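Trainee: From the sequence below, what's the structure:
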Amino acid sequence: MTVRRSAATLAAIATVLCAAAAPVAVAAPSPTPSPSIALPSGLYGTKDPTYDGVWRQSLAFLAQRLEGVTPATESVDWLIAQQCENGAYAAYRPDVSRPCTGKTVLDTNATAVAVQAFVEVGGHRDTVNNSVRWLKSVQNEDGGWGYTAGAPSDANSTSLVIGALARQGQRLADITTPNGKTPYSPLLALAIPCGGKDGGAFAYQPDKAGKLAANADATAAAVLGTMGKALAVGNNAAAKGTSCHPGSGLTPEQAAQNGAHYLANALATSGHLDLAPMPGATDTTPQPDFGNTADAVVALSAAGHQDKAAKAVAWLKKNAGPWAEQNGPAAYAQLVLAAHATGSDARDFNGVNLVDRLNATGPAPAAVTTPDPSADTGYEATEKDQVHSGDDVIGGVWWFIGIGLVVAAAAAFLISGRRKNRQL
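Mentor: You can find the predicted model right below:
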């Protein structure tokens with residue numbers, strides 16, 4: 001999911017809102033605000049937050065926490081206040097004093113990324129669990145999620161929700177529909193079989209005829225989704241060759257590796273992905289897609305192909321600075337996530353300190369520390385460490401570890417006391 005978000009996602013927003021200016025929204029979801037728009041003090045970025053306020057704030061938090069930065073309290077409070085009473089988020093609520101209604105466009109993408117951000121920030125258990133309840137309540141019959149509740153499932157939204165559920169501690173295989181579908185089911189249905197130039201890729205959604213068209217944005221998202229991973233990926237230096245697993249009946253892991261194979265081939269020549277031409281555009285000259293290239297880097301590293309992402313990282317270092325400066329917090333955050341996933345120094349990204357640049361787009365952080373580069377702070381969610389307890393995981397995996405430590409300490413105290421009694 002790029003800083004622009006996907007064209008299909010923005011088209012969905014425009015459809016819901018019946019916006020006459022949908023093409024403008026698709027081309028630039030964060031336009032410079034008019035003088036009449038007053039931006040809240042806790043918000044990151046200076047552009048109109050209508051389509052991406054929660055998204056860019058949450059992505060900024062994710063990137064900051066990976067780099068040892070604690071966001072300002074007012075920024076965290078702003079994001080908390082954006083949540084509706086039912087746990088969902090809209091893309092942006094300019095007046096949080098007014099409760100969400102049936103006309104509020106509830107955004108699964110914003111909700112999912114906010115969950116991931118709050119887990120990284122820590123200390124907001126109720127906020128996280130409320131959002132997870134809502135996400136689970138709007139799961140589609142095919143096991144996935146669309147951009148809005150009840151919308152047809154798409155690869156990007158489903159993968160983002162998977163990352164949120166996994167990061168909170170849910171066991172994904174247990175989140176099933178009445179007909180037995182899991183969150184992985186719609187992603188597997190969107191996987192393009194091996195063979196041909198698009199083999200291994202994922203489609204965003206099937207077209208009206210049910211055909212699947214390769215989509216690099218959806219593929220980068222779905223690689224993480226089929227691996228059950230969140231957006232913040234740790235530095236995985238393992239290297240293994242890419243291959244496309246033929247046939248049907250793929251496992252999620254096989255589908256993820258197929259997607260990584262497609263991305264590696266797409267990046268091999270130029271080191272970057274290209275933007276799809278806008279509908280009706282007369283100039284079809286390929287333009288580089290910085291955001292999707294950064295997402296592809298993260299996906300490749302998560303799948304164990306960090307070496308296949310090296311050329312793209314070098315290209316981003318050389319070319320992405322002006323793009324990030326123009327697009328603000330979400331763009332800087334994407335580059336930080338890509339740098340972290342590949343072991344690059346986000347504080348010296350071809351001479352640019354991405355962390356400082358990101359911090360400067362919002363209120364001064366509450367604290368800044370420089371992480372030990374030898375310690376990997378990225379979280380890798382896998383089925384073996386996901387814990388499910390009814391509808392919620394109170395505090396996630398680490399809460400249970402903490403309880404275990406308390407129990408162990410109590411047991412040690414009792415044993416010590418018994419030994420003393422015996423000595424007496």
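Trainee: Now do the contacts for Leu187.
Mentor: Shown in contact with Leu187 (Cβ atoms under 8 Å, 6 or more residues apart in numbering): 144, 155, 158-159, 202, 222, 225-226, 252, 255. No exception for glycine: its C-beta is placed from N, CA and C like everyone else's.
Trainee: could you point out which element follows the helix or strand containing it?
Mentor: Using DSSP states H and E, the element containing Leu187 is helix 184-189. The first helix or strand that comes after helix 184-189 along the chain, using DSSP H and E, is helix 216-226.
Trainee: I figured Leu250 hits Leu188, correct?
Mentor: Yes: counting by Cβ atoms under 8 Å, Leu250 does reach Leu188; the two are 6.1 Å apart.
Trainee: Quick one: low-confidence residue ranges for the stretch 251-400 of the chain.
Mentor: 372-400 (pLDDT under 70).
Trainee: how does it look with 50?
Mentor: 377-391, 393-400 (pLDDT under 50).
Trainee: ok, which stretches of it are helices?
Mentor: In the stretch 251-400 of the chain, the helices defined using DSSP state H, counting those that start in this stretch lie at 252-268, 290-302, 306-319, 321-327, 329-341, 354-359, 397-423.
Trainee: Could I get the CA-only coordinates of stretch 38-51 as PDB?
Mentor: The C-alpha coordinates for stretch 38-51 follow below in PDB (Å, rounded to 0.1, in the frame of the first residue of the first chain):
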ATOM      1  CA  ALA A  38      -7.200  24.000  10.000                       C
ATOM      2  CA  LEU A  39      -4.900  21.100  10.700                       C
ATOM      3  CA  PRO A  40      -4.900  19.700  14.300                       C
ATOM      4  CA  SER A  41      -1.600  20.300  16.200                       C
ATOM      5  CA  GLY A  42      -1.000  16.600  16.800                       C
ATOM      6  CA  LEU A  43      -1.200  15.500  13.200                       C
ATOM      7  CA  TYR A  44       1.800  14.600  11.100                       C
ATOM      8  CA  GLY A  45       2.200  16.300   7.700                       C
ATOM      9  CA  THR A  46       0.900  19.600   6.300                       C
ATOM     10  CA  LYS A  47      -1.300  18.400   3.400                       C
ATOM     11  CA  ASP A  48      -5.000  17.700   3.400                       C
ATOM     12  CA  PRO A  49      -5.600  14.600   5.600                       C
ATOM     13  CA  THR A  50      -9.100  13.800   4.200                       C
ATOM     14  CA  TYR A  51      -8.000  10.600   2.600                       C
END
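Trainee: Would you mind checking which of the contacts of Leu187 is nearest to Ala166?
Mentor: Distances from Ala166 to those, taken as Cβ to Cβ, are shortest for Gly225 (9.3 Å).
Trainee: Quick check, the closest one in contact with Thr158.
Mentor: Yes: between Gly225 and Thr158 there is a contact under Cβ under 8 Å: 6.0 Å.
Trainee: of those two, who's got more company?
Mentor: Of the pair Gly225 and Thr158, Gly225 is the one with more neighbours under other Cβ atoms under 10 Å, namely 34 against 30.
Trainee: how much space between that one and Pro206?
Mentor: 17 Å (Cβ to Cβ, to the nearest Å).
Trainee: on that earlier part again, how far is the helix holding Leu187 from where the chain is centred?
Mentor: 18 Å (Cα atoms, centre = their mean, to the nearest Å).
Trainee: Could I get the average pLDDT for it?
Mentor: For helix 184-189, mean pLDDT rounds to 98.
Trainee: Output it as CSV, restricted to C-alpha atoms.
Mentor: Output in CSV follows, covering the C-alpha atoms of helix 184-189 (Å, rounded to 0.1, in the frame of the first residue of the first chain):
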residue,chain,number,x,y,z
TYR,A,184,-5.8,-16.6,3.8
SER,A,185,-8.6,-17.9,1.5
PRO,A,186,-9.2,-14.8,-0.6
LEU,A,187,-5.5,-14.1,-1.0
LEU,A,188,-5.0,-17.6,-2.4
ALA,A,189,-7.9,-17.0,-4.7
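Trainee: Please give me every residue in contact with Thr111.
Mentor: Going by Cβ under 8 Å, 6+ apart, Thr111 touches 87-89, 131, 134-135, 164.
Trainee: Out of those residues, list just those in helices.
Mentor: 131, 134-135, 164 (DSSP state H).
Trainee: Quickly check those for the two that are furthest apart.
Mentor: Trp134 and Ala164 (10.7 Å).
Trainee: hey, where'd the strands end up in the stretch 51-200 of the chain?
Mentor: Remark: strands assigned in the stretch 51-200 of the chain by DSSP state E, counting those that start in this stretch are 69-70.
Trainee: And Pro288, how close does it get to Glu141?
Mentor: In terms of Cβ to Cβ, Pro288 sits 38 Å off from Glu141.
Trainee: Looking at those two, which is more packed in?
Mentor: A direct count of neighbours by other Cβ under 10 Å for Pro288 and Glu141 places Pro288 higher, at 18 against 12.
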